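# turn this into a structure:
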Amino acid sequence: MKHSEIKNRIIETASSLFYKNGYNATGINEIISEAGIAKATLYNHFKSKEDICIAYLQFKDTTFIESIKEYTASKPKGKLQVLAIFDFLELFFKSNEFNGCWCIKTISEIPLDNKKIRKEIQLQKKVFIQFISKLIATNITTIKEEELDSKSRKIYLLYESAVGESHLHQANWPIKEAKNLCSYLLE
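Residues are numbered from 1 along each chain as shown. Predicted coordinates:
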């Protein structure tokens, strides 16, 4: 098996385990066992569990951003394309894979002084806000340039709270309410 294929298998295995069971509850030996590799193989690809965590976060984020971009682009231009981020979230919520926000789950398990993981999560959230900003700018012509950052951050907060609350309540009403609030923000 190629070097990159092994690395991808480690990342996918760790991603599944971290997202399902949590970062702290998943041990290196469990990743090795589930991936069907030797310990030396894992350490040839990653120096530490923290490095595996960074790869996990990047894997989840890349998959998420690609999927949400594709989904929103498939919707009619205008307000519906912006609101589609909540439709995307509702589809994810209804899937068997939904277990809340991987970033929030991870950040809640690391010490405050772990700057490497925190910085990666902050970067991912910043990229998501930029994505929302671009969605708004290309679909809502009535929003002024000086309002764009604030609107984008507000919609981001609605989305993030909908993720957390739908996971907590095991219900989709937080997603629906967040979408309704977003609709008001876009007027």
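# next, find the distance separating the closest residue to residue 71 other than its chain neighbours from residue 73.
With CB to CB, 6 or more residues apart in numbering as the measure, residue 88 is the residue that lies nearest to residue 71, at 4.6 Å, once sequence neighbours are left out. All C-beta spots, glycine's among them, are computed from the backbone N, C-alpha and C. Relative to residue 73, residue 88 is positioned 11 Å away (CB to CB, to the nearest Å).
# for the two, indicate the residue with more neighbours.
residue 88 (20 against 11; other CB atoms under 10 Å).
# show the average pLDDT along the helix or strand where that one lies.
For residue 88, the host element (DSSP states H and E) is helix 79-94. Helix 79-94 shows a mean pLDDT of 97.
# output the contacting helices and strands for that helix.
Using 3 or more CB pairs under 8 Å, 6 or more residues apart in numbering; DSSP states H and E as the contact criterion, the neighbours of helix 79-94 among helices and strands are helix 49-73, helix 115-139, helix 145-169, helix 173-185.
# how far off helix 145-169 does the second one point, in degrees?
Okay, so that is helix 115-139. Using axes from the mean of the first three to the mean of the last three CA atoms, to 10 degrees, the inter-axis angle of helix 115-139 relative to helix 145-169 is 120 degrees.
# and if you look at the last one?
For the pair helix 173-185 and helix 145-169, the angle between their directions (the same axes, to 10 degrees) equals 170 degrees.
# center of the chain - which residue?
When the chain is reduced to its mean C-alpha position, the nearest residue by CA atoms, centre = their mean turns out to be residue 61, at 4.9 Å.
# so, low pLDDT: which residues of this structure?
Judged against pLDDT under 70, the low-scoring parts of the chain cover residues 1.
# change it to 50
When the per-residue scores of the chain are filtered using pLDDT under 50, no range remains.
# what's the offset of the helix holding residue 88 from the middle of its chain?
Here helix 79-94 is found 14 Å from its chain centre; the criterion is CA atoms, centre = their mean, to the nearest Å.
# good, we can wrap up now.
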